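Chemist: sequence plus the predicted model coming up.
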Amino acid sequence: MKEKITSGQNKKVKQWRSLTSKKGRKATQTYLLEGWHLVQEAIKAQQKLTAIMGTANQLVDHAAELPADVATYELTDSIAQTLGDTGTPQGIFATVPLPKDTAGDPTTAKGVWLFLDYVQDPGNIGTMVRTADAAGLAGVVFGKGTASRFLPKVLRSMQGSQFHIELVEADLHDWISTFTGRQLPVYGTNLDPQAKDYRDVPALTAGAIVMGNEGNGMAPDLQKLTTRNLYIPIKGQAESLNVAIAAGVVMFRLVG
């Protein structure tokens, strides 16, 4: 069933707009997907959509792929413009329930994981989640200070990979200590006297890789908890690598 909405003051429209904020997401226990690619990826991954919203053209264009059992709302072009976070929104959106469990369990986690310590740039975060997905990692832990995975820019940057691997928000101290207690290697990325060339450690089938803040790197207390810290030799004159590029290099080298 499709409902047509023509007023920007409609209660539902106001609620959808609020989903760009943490307060709005918490109140409704949902978050917003913008653009056909993300909506399509959610459908393919059999995510439970609570609503689909779009302009008349968008709803017609994608009618064959839209689930019939989800409440659908036709929006005017002007309303769609106010919902979008991008400069030129496509005009199609969906709402998805917030995951019930955002803590995860390091005592039973399997495979290789990526840990993010205070990573704040949405583009970097999204790129690292996509790369973790492509490299075959099991999941990504968003540690303290890392930007929310539900921010519009993070969601867009992840390009649907959030539906393919596990994402959790947790204390990295707990995860690192638990992994090392299980005899699982946890490799930090930091240039210190004891750090080792990333090419000189064996591939991982289980364990973790930690990436730190764009400007300051990993927190010193986390560096002390890792099995070993790794570095990527730089051959040219650049001072350092972008954190997402560095993560990609290390993930594809270390994940067996």
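Modeler: All right, it came through fine. Numbering: from 1, shown residues only.

Chemist: ok, Gly188 touching Val201?
Modeler: No: contact status for Gly188 versus Val201: not in contact, 11.6 Å apart, counting by Cβ atoms under 8 Å. Glycine gets a C-beta too; all of them are placed from N, C-alpha and C.

Chemist: can you check which residues contact both of the two?
Modeler: Counting by Cβ atoms under 8 Å, 6 or more residues apart in numbering, the common neighbours of Gly188 and Val201 are 228, 230.

Chemist: so the two - more neighbours on which side?
Modeler: Taking neighbours as other Cβ atoms under 10 Å, Gly188 and Val201 compare with Gly188 leading, 27 against 16.

Chemist: in the protein, which residue is closest to the centre?
Modeler: The chain has Arg149 as the residue nearest its centroid, 4.6 Å off, counting by Cα atoms, centre = their mean.

Chemist: report the separation between that residue and His164.
Modeler: 13 Å (Cβ to Cβ, to the nearest Å).

Chemist: now swap in Glu65 and tell me
Modeler: 18 Å.

Chemist: more neighbours: those two, which one.
Modeler: His164 (16 against 11).

Chemist: touching, that one and Lys44? I think so.
Modeler: No: counting by Cβ under 8 Å, His164 does not reach Lys44; the two are 9.7 Å apart.

Chemist: check what pLDDT the nearest residue to Lys22 once chain neighbours are set aside gets.
Modeler: Once flanking residues are discounted, Lys22 sits nearest to Ser148: 6.7 Å by Cβ to Cβ, 6 or more residues apart in numbering. Looking at Ser148, its pLDDT reads 94.

Chemist: got it, and Asp101?
Modeler: In this prediction, Asp101 carries a pLDDT score of 64.

Chemist: do the same with Arg182
Modeler: So Arg182 comes in at 98 (pLDDT).

Chemist: what helix or strand is the closest residue to it other than its chain neighbours located in?
Modeler: Excluding the flanking residues, the one nearest Arg182 by Cβ to Cβ, 6+ apart is Thr107, at 7.5 Å. Using DSSP states H and E, Thr107 sits within no helix or strand.
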